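Asker: I need the structure of the sequence given here:
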Amino acid sequence: MASYFSNNFAAIGANTTLLRGQTNNVGDTHGRLRYKRMEIEFTGAFALNEVARMGQFRSSDRLVNLYLTTDDLGTVGSLDVGLWLSTPNHDGAVLDADCFATIVSVTSAVARTDILLESTTFAIEYRGKYLWQYLPSSYSVDPVVNFDIGILAHAATDAAGTVLLEAIYTAGD
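Answerer: Residues are numbered from 1 along each chain as shown. Next up is the predicted model:
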């Protein structure tokens, strides 16, 4: 009967060969969790294709959970949640506007929901991956840059309200 080793051990091949005396990067297997709360209050409608930059992260950070909570933002409206390149003025190019969540309806309040894998672009093994790995068409190695997680009005809202994102992650520093 074979013995298998998870990513908490240094293993090669089909995870059946243990590399004794070697350890994995602390961020890979047992990093300290951090929490970032990102809230925005819309005093009026959130117009079509407007973007709200919510928080900055390193490309080497690892997201474990990304929670979305919203007020009822009217009779119409939906949001995407994705990644933008961060710059000193937080006005960098969009990388993938809906890599985390796609067309989330906000016509009624959204109870705290983990949206990290909502877009169905990524399978369960993406939970805890480096942030840059959520952009496979853009990067094959860590670009060592900062990203902004933001929300995009996929369809305009017609009421004021609050949007809250909460990230649980391990920092890549």
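Asker: ok, the longest strand anywhere in the chain: who's next to it in the sheet?
Answerer: Ranked by number of residues, the top strand in the chain under DSSP state E is strand 94-105. Using DSSP bridges, the strands paired with strand 94-105 are strand 78-85 (antiparallel).
Asker: okay, now the unreliable bits of the protein?
Answerer: Filtered on pLDDT under 70, the chain yields the residue ranges 1-30, 119-121, 173.
Asker: for it, just list every one of the helices.
Answerer: With DSSP state H as the criterion, the chain has helices at 26-29.
Asker: residues contacting residue 48?
Answerer: By CB atoms under 8 Å, 6 or more residues apart in numbering, the residues touching residue 48 are 153, 154, 155, 156. For the C-beta atoms, the positions are set from N, CA and C on the backbone; glycine is no exception.
Asker: tell me the phi and psi of it?
Answerer: Main-chain dihedrals, residue 48, degrees, to the nearest 10: phi -50, psi 130.
Asker: and what of residue 49?
Answerer: phi 70, psi 10.
Asker: what is the burial count for it?
Answerer: By other CB atoms under 10 Å, 11 other residues sit near residue 49.
Asker: that one and residue 152 touch, don't they?
Answerer: Yes: between residue 49 and residue 152 a contact is recorded at 6.7 Å, counting by CB atoms under 8 Å.
Asker: in this structure, what residue spans correspond to strands?
Answerer: 11-12, 17-18, 33-42, 51-58, 62-70, 78-85, 94-105, 110-114, 146-155, 161-170.
Asker: contacts for the longest one?
Answerer: With contact meaning CB under 8 Å, 6+ apart, strand 94-105 is reached by 51, 66, 68, 77-85, 110, 115-116, 118-122, 134-135, 138, 147, 149-150, 152, 154-155.
Asker: make it 6 Å
Answerer: By CB atoms under 6 Å, 6 or more residues apart in numbering, the residues outside strand 94-105 that reach it are 66, 78-85, 115, 118-119, 134-135, 138, 152, 154.
Asker: buried members of those residues into ChimeraX, please.
Answerer: To isolate the buried ones among the contacts of strand 94-105 in ChimeraX, judged by 16 or more other CB atoms under 10 Å, type:
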select :66,78,79,80,81,82,83,84,85,115,118,119,134,135,152,154
